[in-house]
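1. Okay, sequence plus prediction incoming.
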Amino acid sequence: MAGEPAPVSWELLGAGRQLAGALKVELAGVLLGQGVEGLANEAWAYGADRVYLVEDPVLGPYRTAPYARALVELVQRYRPEILLLGATSMGRDLSGAVATALGTGLTADCTALNIDPATRLLEQTRPAFGGNVMATILCQRHRPQMATVRPRVMPLPPRQEGRQGELVRVGIDLKEEEALATVLEVIEEKGKAVYLDRAEIVVAGGRGLGSRENLRLLEELAGVLGGTLGASRAAVEAGWLPPEYQVGQTGITVRPKVYFAIGISGAIQHLVGMQNADVIVAINKDPEAPIFKVATYGIVGDFLEVVPALTEEFRRQLAARST
Amino acid sequence: MLQMVVCVKQVPDTAEVRINPRTNTLVRAGVPAILNPYDAHAVEAAVQLKEKYGGQVTALSMGPPQAEEVLRRALGMGADRAILLSDRAFAGSDTLATSYILAAAIRAIDRETPVDLVFCGKQAIDGDTAQVGPGIAARLGFTQLTYVMAIDGVDLEKRQIQVQRKLEDKREVIRGRLPALLTVVKDLNELRYASLPALIRAARATITTWSKDDLDLDPASIGLKGSPTSVRRIFAPPARPGGELIPGEPRQAAAILVAKLVQTKIIADK
């Protein structure tokens, strides 16, 4: 495709490597697009044994129909047991079309993928009902077993510089008139929360902030730490931050080193989006708030006092270390 | 004139669904059933296009008899008619079987008057899969346009629709051929309040029910039998082990916390 590969592709190679190891089979990556051959090196470096490459001008801009056709043909030719896609908007758009055309099962937004050694089946675990329930799904009699995984749910595997693999070029007869759609313009909406899912430090606020004005305190803390703002659904629904800042089941999944949950009670639908953080810091004046059950460190108190104190302390201690 | 179908789903208000930790079964008793929030925006989009270009809006749902309620809500918002697909044989359908049944119903509607546009919400809040919309488009061979945040216009003569799609960090302006299937996000429109006459009309309207025998269906492709995926088990989400509460006045607590984070180099100076 055009533009950069989504990093979730490499995360999937990490997950796929483990599954392939358990099954004692090869791991292949699929590259669809125009002028994307160079990415094969990346796929090998992140663990692929083989890369199937389909390059075609029709695959320049992403459109569902030709991408789905190319992937369906690859699956029918090479018959993988398992097919993983990133749960980006593009990945979800494509996976639904491909699974239907193949008549196989598809499990969205998996948070864990394991092989049952007895049956060699893929156990696909995902949250349902807004994260209140986890379900393990099987696709017993149809192949491939298809699953999508959200960005940042699986860790990025180490990059093995110079690792080489096999390149299989595949020609597929694609026609522009069968693409059904024309991309007229792509408007970048960068800045703001764009990198939330890759942020190392997230400073997130919830209903407890009480007003949009109080966001300023979070911005100052984020500023000192080079972090990014985030929000709970309540804060988004109150209109304090736009939806692209929302962390949780209906928002973005984050995996930062440190997640500050400020005035966030910790509803399960929020927790599923941030519980993979290395460290969770919760600040809430309600000692009974469920967020304290998952927090690495908690401070019970008024964020109006605690957050400025934290900002000042970080400024002081970080300055002391750098001198 | 546009012939439009909107797929709507009755869903439990997911915020209230829980697992019984002893039996590991879903506790759904007393959980209110609502119209999937994204589907409400899909209905609104179709009604707005009808107001602009003329045409007809059919609300379509698959579910138990009580799913009639969400169809009446769609009628109250301006849909012209409603069809409920209800049959015990549909129970247990996963997304593949569901898209098969809905596509068969849309084909039946299409035989009366050719369908130009199908609308779905971007996903349902109970399953969050976002798979049924693309599944229907794939089965019908319709142009698939997901995550639609704006509809720029329809060209009835050229048989084209132009929309804007909401992607992670960009907006895409795309023109697609009709017939097309759109899945929509909430940014697309503001929901209207149903007027009193509309509500009365919706309450009195007759809702057509189609069973499996009203549709051209392969019995092996519906319900549990037609569903490649099955649930091995459900369980409560694992709890992340809690950590320590840092006591003290705000300044004291802040100093202790910062020291911990800085010393462990979790937060280091840049």
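-> That came in fine, so what should we check first? Numbers count the residues shown, from 1 in each chain, chains lettered A, B, ... in the order given.
2. Chain neighbours aside, what residue packs nearest to the closest residue to chain A within the stretch 1-150 of chain B?
-> Nearest residue of the stretch 1-150 of chain B to chain A (CB to the nearest CB) works out as residue B:134 at 2.9 Å. (Glycine included, C-beta is placed from N, CA and C.) Distances taken as CB to CB, 6 or more residues apart in numbering or on different chains place residue A:96 nearest to residue B:134, at 2.9 Å, with adjacent residues excluded.
3. Just give me the neighbour total for residue A:76.
-> Neighbourhood size, residue A:76 [other CB atoms under 10 Å in any protein chain shown]: 10.
4. My error: substitute residue B:235 in the last question.
-> As a burial measure, residue B:235 scores 13 neighbours (other CB under 10 Å).
5. I figured it hits residue B:24, correct?
-> Yes: here residue B:235 lies in contact with residue B:24, judged by CB atoms under 8 Å, at a distance of 5.5 Å.
6. now the helices for chain B?
-> With helices called from DSSP state H, chain B shows them at B:37-53, B:68-76, B:95-112, B:132-140, B:196-204, B:250-263.
7. picking that back up, find me the pLDDT at the residue of the stretch 1-150 of chain B closest to chain A, would you?
-> What the model reports as pLDDT for residue B:134 is 98.
8. Next one: it from residue B:9, what distance?
-> Residue B:134 is 15 Å from residue B:9, where distance means CB to CB, to the nearest Å.
9. Between those two, point out the one with more neighbours.
-> residue B:134 (30 against 23).
10. Can you tell me the closest non-neighbouring residue to residue A:65?
-> In this structure, residue A:65 finds its nearest non-sequential neighbour in residue A:180, 4.9 Å apart by CB to CB, 6+ apart.
11. correct me, but the one you found touches residue A:58?
-> No: in this structure, residue A:180 is not within contact of residue A:58 by CB under 8 Å, at 11.2 Å.
12. Could you double-check that residue A:51 lies in contact with residue A:170?
-> No: using CB under 8 Å, residue A:51 makes no contact with residue A:170, being 10.4 Å away.
13. When those two are compared, which one has more neighbours?
-> When residue A:51 and residue A:170 are compared for neighbours, residue A:51 comes out ahead with 22 against 17, by other CB under 10 Å.
14. ok, the nearest residue to residue B:53 once chain neighbours are set aside - how many residues close by?
-> In space, and not counting its chain neighbours, residue B:53 is closest to residue B:2: 5.2 Å by CB to CB, 6+ apart. Here the count is done by other CB under 10 Å, and residue B:2 has 19 residues near it.
15. pretty sure residue B:2 is touching residue B:118, no?
-> No: using CB under 8 Å as the test, residue B:2 is too far from residue B:118 to be in contact (11.2 Å).
16. Residue A:29: what's it in contact with?
-> Residue A:29 is in contact with A:9, A:13, A:40, A:43, A:48, A:50-52, counting by CB atoms under 8 Å, 6 or more residues apart in numbering or on different chains.
17. Repeat the analysis, applying 7 Å as the threshold.
-> Going by CB atoms under 7 Å, 6 or more residues apart in numbering or on different chains, residue A:29 touches A:13, A:43, A:48, A:51.
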